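>>> Here is a sequence with its predicted model. Questions after.
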Amino acid sequence: MTTANKLTLLRVALIPVFLIILYLDFPFASWVALAVFIIASLTDMLDGYIARHYNQVTDFGKFMDPLADKMLVMAAMCWFVERGAMYGWVLALVLLREFAVSGMRLVAVEQGRVIAAAKSGKIKTFATMVCLCLMLAFSFGWLNIVCQIVILVTTLYSGVEYFVNNKDVFRSA
């Protein structure tokens, strides 16, 4: 197993650690959870760099890396919704985008195509992770609203871009 793949698996393993810390709700739990979330988020950047720089790109990594990102982000967003710090419909729209893009990628695979991550998708992931870090560190009214707007705008923009740039996938489906 490559170093990049190990980092991806570390990110997945940190998700339950992150959630357990949040649900234990001990003093400074949100700060400890924030540290775990930041470490998990940084593994995303690091595994991508290592995979490309050291030619460790694998089919496992192509599949698992974006899935690990989604799992981490969705776990945090579910917790925020449960705590009343994020609107459920924001989470629902993010989930819809993720399912739609994943579905489109599955259709493309059936046609022998691979739809690579677009720059807007990477920006969306980065912006979402930064916003979730801000919400963990400084959770209060207007900041949560601004972060949810940033998450929504980047999510919807990248989703629309994926479909516009790959609309031919559905013509031959």
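Cool, got the structure.

>>> Hmm, T3 and G61 touching each other?
No. Under the criterion of C-beta atoms under 8 Å, G61 makes no contact with T3, lying 10.4 Å away. For the C-beta atoms, the positions are set from N, CA and C on the backbone; glycine is no exception.

>>> which residues do these two both contact?
Common contacts of G61 and T3, defined by C-beta atoms under 8 Å, 6 or more residues apart in numbering, comprise D47.

>>> what about these two, which has more around it?
Neighbours around G61 and T3, counted as other C-beta atoms under 10 Å, are more numerous at G61. The numbers are 21 against 13.

>>> Check which element follows whichever strand or helix holds the more buried one along the chain.
For G61, the host element (DSSP states H and E) is helix 59-83. Using DSSP H and E, the helix or strand that follows helix 59-83 towards the C-terminus is helix 88-110.

>>> Give me the mean pLDDT for that following helix.
The average pLDDT for helix 88-110 rounds to 94.

>>> now that helix, how far from the chain's geometric center?
Distance of helix 88-110 from its chain centroid, counting by C-alpha atoms, centre = their mean, to the nearest Å, is 12 Å.

>>> got the buried residues for the next helix or strand after that helix?
Note on helix 88-110: by DSSP H and E, the next helix or strand toward the C-terminus is helix 119-138. Across helix 119-138, burial judged by 16 or more other C-beta atoms under 10 Å covers 120-121, 124-125, 127-129, 131-136.

>>> Equivalent analysis for stretch 29-48, please.
So stretch 29-48, judged by 16+ other C-beta under 10 Å, has buried residues 30, 32-34, 36-38, 40-41, 43-44, 46-48.

>>> Pull the number of nearby residues for S158.
Neighbours of S158 (other C-beta under 10 Å): 22.

>>> Make 49 the starting number, not 1.
Sounds good: first residue 49 from here, last item S206.

>>> Quick check, it in contact with F174.
No. Using C-beta under 8 Å, S206 is not in contact with F174; the gap is 11.0 Å.

>>> list residues touching both of those two?
Here S206 and F174 share no contacting residue, scored by C-beta under 8 Å, 6+ apart.
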